[in-house]
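**Student:** Predicted structure and sequence below. I'll ask about it afterward.
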Amino acid sequence: DTTQPQELVVELECEEPEWAISQFLVGGMSCSSCSAKIEAVLGRNCHMRDVVVNFATTTARVKYNSKHLQPDDVCAEIKALGFSCEPLVSTSAMADMNALKASL
């Protein structure tokens with residue numbers, strides 16, 4: 001048979017991400033290689049970007065798509081690497097609190 005296979009055309013609707021930024025307290029890092037490992041692994045997740053882990057202050061700052069992830073999900077990824085993690089106040093929550101204070 002010499003017929004050519006038909007191409008399957010699939011249209012995907014991509015939704016716009018809603019980026020949020022949160023900070024985390026990360027425990028168990030013994031050197032800067034630990035922070036680099038966390039940055040590398042989280043940076044491969046398509047719902048996270050701008051991952052910055054600071055070994056000296058034991059903190060991480062992560063920009064994530066809040067339509068797919070929440071701070072607890074980010075912590076779960078960090079914990080899966082063998083570190084402890086606690087979410088700190090997110091910048092979006094901080095902005096909400098500041099706006100609330102300003103309106104009072």
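**Tutor:** Good, I have the coordinates.
**Student:** Just the strands from this protein, written as ranges.
**Tutor:** Ranges of strands in the chain, per DSSP state E, are 19-27, 48-54, 59-65, 84-87.
**Student:** Which neighbours in the sheet does the third one have, and how are they oriented?
**Tutor:** Paired strands of strand 59-65, with direction, are strand 19-27 (antiparallel), strand 48-54 (antiparallel) (DSSP bridges).
**Student:** Kindly report the same for the last one.
**Tutor:** The strands beside strand 84-87 in its sheet (DSSP bridges) come out as strand 19-27 (antiparallel).
**Student:** From the rest of the structure, what touches the strand it pairs with?
**Tutor:** Contact partners of strand 19-27, identified using C-beta atoms under 8 Å, 6 or more residues apart in numbering, comprise 35, 38, 49-50, 53, 58-66, 71, 74-75, 78, 83-92. Where C-beta positions appear, they are placed from N, C-alpha and C, glycine not excepted.
**Student:** residue ranges with poor pLDDT in the chain?
**Tutor:** 1-14, 90-99, 101 (pLDDT under 70).
**Student:** Helices along that one, start to end?
**Tutor:** In the chain, the helices defined using DSSP state H lie at 32-43, 71-80, 91-103.
**Student:** export those helices to JSON lines and tack on mean neighbour count and distance to Phe24?
**Tutor:** Below are the helices of the chain laid out as JSON lines (neighbours: other C-beta atoms under 10 Å; distance: least, C-beta to C-beta, whole Å):
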{"stretch": "helix 32-43", "mean neighbour count": "16", "distance to Phe24": "10"}
{"stretch": "helix 71-80", "mean neighbour count": "17", "distance to Phe24": "6"}
{"stretch": "helix 91-103", "mean neighbour count": "11", "distance to Phe24": "12"}
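**Student:** Now render these as TSV, adding distance to Pro17.
**Tutor:** TSV is the format used below for the helices of the chain (distance: least, C-beta to C-beta, whole Å):
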stretch	distance to Pro17
helix 32-43	15
helix 71-80	14
helix 91-103	13
